[in-house]
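Undergrad: can't give you the sequence, but here's the structure:
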């Protein structure tokens, strides 16, 4: 493997972990808080649910990246790659995903729990759509891929997630706290 190929593999591992972490932080937490808000919960309850989603999600994403990239590293070694040829970096992927998830999750949490309760739902949808358009653009730019395809994919999946979560919360219509 050439040095350029090795650098590309390392870059792609980091990029994948960061983009997945940020997108998942934005989408997961937006889905949770939209569903809880749609059920009629007060802002304090939505905030608690959102914080729980951020903590659990960030730890889960970081731990999942560590486990999966460690398995990749172990597989590369078992197929005969030397230590210097292995590109899998479990701790790098874990921290990238943990930090990116946490950073992404902050936006929907602030949007849904701010002092603008009468418009919290459309504000959250708009903020999340803009954030995911930016992460889609950034991922495409770094990866030299189609910007429009990446942006469309990110935004449409998020809107679908929030819409389904909101619908379920509305149908249940019960605030737990």
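TA: Yep, it's here. Just so it is clear, the structure is predicted and the values come from calculations on it, not from any experiment.
Undergrad: okay, CA-based contacts and neighbour counts for the rest of this
TA: Will do.
Undergrad: which other helices and strands contact the lowest-mean-pLDDT helix or strand in the chain?
TA: Across the helices and strands of the chain, mean confidence by mean pLDDT, DSSP states H and E is lowest for helix 3-38: a mean of 85. Using 3 or more Cα pairs under 8 Å, 6 or more residues apart in numbering; DSSP states H and E as the contact test, the elements touching helix 3-38 are helix 43-78, helix 90-113, helix 120-143, helix 147-172.
Undergrad: gap between it and the chain center?
TA: The chain centroid and the centroid of helix 3-38 are separated by 4 Å, computed with Cα atoms, centre = their mean, to the nearest Å.
Undergrad: got a list of what the most centrally placed residue in the chain touches?
TA: In the chain, the centroid-proximal residue (Cα atoms, centre = their mean) is residue 24; its distance is 1.8 Å. The neighbourhood of residue 24, defined by Cα atoms under 8 Å, 6 or more residues apart in numbering, consists of 101, 104.
Undergrad: and among the helices and strands packed on helix 3-38, the most buried is which?
TA: Ranked by mean neighbour count under mean count of other Cα atoms under 10 Å, these are led by helix 90-113, which reaches a mean of 24.
Undergrad: now it and helix 3-38, what's the angle there?
TA: Angle of helix 90-113 versus helix 3-38, following axes from the mean of the first three to the mean of the last three Cα atoms, to 10 degrees, is 30 degrees.
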